[in-house]
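A.B. asks: Sequence first, predicted model second:
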Amino acid sequence: MKQEFIFIGPPGSGKGTQTKMLSEEYHLPHIDTGSLLREEIASGSQNGKIADSYMSKGQLVPINLVAEIIKNRLLKDDCKNGFILDGYPRSLEQAYALDEILKEIDNNTKVNLTVFYFEVDENKLIERLVNRRSCSVCGAIYNLKTMKLKDETKCEKCGGKLIRRDDDTEEVAKKRFATYFEQTAPLINLYKERGCLVTINASLDINTIYKNLTGAIKENVHS
Ligand code: AMP
């Protein structure tokens, strides 16, 4: 059966770290709209320029632009056994757009869809974001406050340069939260009503969260 996972949670809730771990263990592609959009910006394309003008303000990029990127990605061969969506959908409008995309892509395939909601103490989030660094080469994510790196400029896995994302400043982070609570949080009820939501306590440590996450997948527990 095709396994489809969607991750919802506020910025800095740790979705990126967990989805990467899950992707490695389950051999499913990790599809992260934020990274796809940053790649689009780096390529200098027209879509990238449009995306940048929204991302730099902490706002959602227009629905059609993201839907096109996601659909093209989900049509790739590596998604035939399933995928892990991180950061999409982010609004009710996007959830309905995704329904249409999946109807077309999945056709008559049997699918098991699970939506994980990462619940976390909001006060911890800004601190997590401003201390977040990621490797410019392998994408590994670090937190300068909790991880105590020997060299705060170098990736411990591959030696790549650690960078801070342009939108991880306190000012833009606050706008991203406002966008999340206004537009993304309503998805929690939508997926709860559909019976496919699993709530994860994302204030715990990385390994415990991962254990709870994979435990829920094995037991197929939906709330
Ligand atoms: P992230 O890397 O998930 O924190 O996303 C960074 C930024 O990319 C967000 O603040 C949005 O501006 C944009 N973005 C990411 N995913 C989406 C999406 N599904 N819809 C619209 N904009 C998005």
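C.D. replies: Structure's in. What do you need?
A.B. asks: Only C-alpha atoms from now on, for both contacts and neighbour counts.
C.D. replies: OK.
A.B. asks: As a check, name the ranges of all helices in this protein.
C.D. replies: Taking DSSP state H as the test, the helices found in the chain are 15-26, 33-43, 46-55, 63-74, 92-106, 122-130, 144-147, 170-179, 186-193, 206-219.
A.B. asks: any chance of those helices in TSV, plus distance to the ligand and mean neighbour count?
C.D. replies: Putting these into TSV (distance: least, CA to the nearest ligand atom, whole Å; neighbours: other CA atoms under 10 Å) gives the following:
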stretch	distance to the ligand	mean neighbour count
helix 15-26	8	17
helix 33-43	4	16
helix 46-55	4	16
helix 63-74	6	15
helix 92-106	7	14
helix 122-130	10	17
helix 144-147	18	12
helix 170-179	6	17
helix 186-193	12	16
helix 206-219	18	14
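A.B. asks: Of all the ones you listed, which one comes closest to Ile84?
C.D. replies: Taking CA to CA as the criterion, Ile84 comes closest to helix 15-26 out of the helices of the chain, the separation being 6.9 Å.
A.B. asks: Contacts for that closest one, please.
C.D. replies: The contact list for helix 15-26, computed with CA atoms under 8 Å, 6 or more residues apart in numbering, reads 7-9, 28-30, 84, 86, 118, 140-141, 206, 209-210, 214.
A.B. asks: So how do I select the buried members of those in ChimeraX?
C.D. replies: Of the contacts of helix 15-26, the buried ones go into a single ChimeraX selection, burial set by 16 or more other CA atoms under 10 Å:
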select :7,8,9,28,29,30,84,86,118,140,141,209,210
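A.B. asks: weakest of the helices of the chain by average pLDDT?
C.D. replies: Set side by side, the helices of the chain show their lowest mean pLDDT on helix 122-130, which sits at a mean of 83.
A.B. asks: Retrieve the pLDDT associated with the residue in the chain sticking out farthest from the centre.
C.D. replies: Residue farthest from the centre of the chain, counting by CA atoms, centre = their mean, is Lys150 at 27.8 Å. Lys150 is assigned a predicted lDDT (pLDDT) of 93.
A.B. asks: and what of Ser223?
C.D. replies: pLDDT recorded at Ser223 is 50.
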